[in-house]
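S.K.: Sequence and predicted model, in that order:
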Amino acid sequence: MDAQDVPPEIPLKIDRVGVKEVSRRILIASPEGPLSYDVVLDAYIDLPHNMRGIHMSRNIEAFIEAIEEARKGEAASLEEFLEVISHKLLEKHGYATRAEVRLQTKYYYMEDFINPPVPEAADVAITVLMDRSGRSRRSVAVSLIGVTACPSAQITFSEREGIPPEKSPTHLQRARLTICVKTTGKRIARIEWLVEAARDSFSAPVVSFLKKPDEHRLLKKALRRPRFVEDVVRYALDKTFKTLVKMGFPEETLIRVEVESLESIHPHNAYASREATIGELREETSLQNF
């Protein structure tokens, strides 16, 4: 008998057991053609009270088999790839009632603030949770950095110097915005929708390559769109909400938005977040049609 199969000294179940931070390169046969991703994978199952441990090697085995199937064109998206791994985990661990797989990668988009546009990266995390009946929950989260300009300092400077607010300096900082959408069943929010919502929510973008004229334009844009972290949360939540409603997502779809600002003139960071379903936001805003 394997050591994992004997009863433990303390017979209590464990919710999540598995492996974390397994780095792999995968190939997805997307509708746009084969796409290569460098990913970091986590995989967990639950463990009953009467087993001492899980067979960890089976999780890695599930990764290897799923990557091979994806290479052959059997997975058309990242979430389908994770669903394949989830099925394999439940097949290999007959004692488990559910599986959870999380993938982290980068999504590259073209920042068109300058011409020609330059590629920038957003962090992406996709999670699939599946039980033995086949019911699943999915989440996709994007996280990226932008610029925020402080409205309070700008108004203070404007009033004390007697100049228009839009021409008043203020302190700028980088802020990290994360938008996460959780769904049930097969539907999942598109990464590009969330990236677009995030980019539109900052005072200005961060750009890897700026010449002096572009830097001038970026600063002007930031000063004309001063935003607290609270503002950034509201803009991102509103944009994501409207997009998901337009695309027909159900009322129970959950949206979570959080912003952390790396304050430039304070020794601490500013933070704001909100979590709500589409139904809750619809009721709150009394918004029925788009």
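M.R.: Yep, it's here. What you see is a predicted model; the values in this text were computed from it and never measured. Numbers count the residues shown, from 1 in each chain.

S.K.: count of neighbours near residue 76?
M.R.: Neighbour count for residue 76, taken as other CB atoms under 10 Å: 13. Where C-beta positions appear, they are placed from N, C-alpha and C, glycine not excepted.

S.K.: now do the one 10 residues further on
M.R.: Other residues within reach of residue 86 by the criterion other CB under 10 Å amount to 24.

S.K.: how about the helices of the stretch 1-150 of the chain, start to end?
M.R.: 57-71, 78-92 (DSSP state H, counting those that start in this stretch).

S.K.: Residue 246 is nearest to which of those?
M.R.: Distance to residue 246, taken as CB to CB, is lowest for helix 78-92 among the helices of the stretch 1-150 of the chain, at 20.4 Å.

S.K.: How about residues contacting that closest one?
M.R.: 26, 28, 37, 39, 41, 43, 45, 55, 58-59, 61-63, 65-66, 69-70, 74-75, 96, 98-103, 105, 126-130, 132, 136, 138, 140, 188 (CB atoms under 8 Å, 6 or more residues apart in numbering).

S.K.: Quick check on these: which are buried?
M.R.: 26, 28, 37, 39, 41, 43, 45, 58-59, 62-63, 66, 69-70, 75, 96, 98-103, 105, 126-130, 136, 138, 140, 188 (16 or more other CB atoms under 10 Å).

S.K.: Show me these that map onto strands.
M.R.: 26, 28, 37, 39, 41, 43, 45, 98-103, 105, 126-130, 136, 138, 140 (DSSP state E).

S.K.: picking up where we left off before, quick one: the helices of the stretch 1-150 of the chain as a markdown table, columns for mean pLDDT too.
M.R.: Formatted as a markdown table, those follow (pLDDT from 0 to 100):
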| stretch | mean pLDDT |
| --- | --- |
| helix 57-71 | 84 |
| helix 78-92 | 91 |
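
S.K.: I'd like those helices laid out as TSV, including distance to residue 197.
M.R.: Putting the helices of the stretch 1-150 of the chain into TSV (distance: least, CB to CB, whole Å) gives the following:
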stretch	distance to residue 197
helix 57-71	28
helix 78-92	19
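
S.K.: For the stretch 51-200 of the chain, give me the ranges with low pLDDT.
M.R.: 73-74 (pLDDT under 70).

S.K.: let's go with 80 and repeat that
M.R.: Across the stretch 51-200 of the chain, the ranges flagged by pLDDT under 80 are 70-75.

S.K.: returning to what we had before: quick one: closest of the helices of the stretch 1-150 of the chain to residue 177.
M.R.: Taking the helices of the stretch 1-150 of the chain one by one with CB to CB, helix 78-92 is closest: 21.0 Å.

S.K.: And the closest one, how far out from the chain middle?
M.R.: 20 Å (CA atoms, centre = their mean, to the nearest Å).

S.K.: for stretch 152-160, same thing?
M.R.: On CA atoms, centre = their mean, the centre of stretch 152-160 falls 35 Å from that of its chain.
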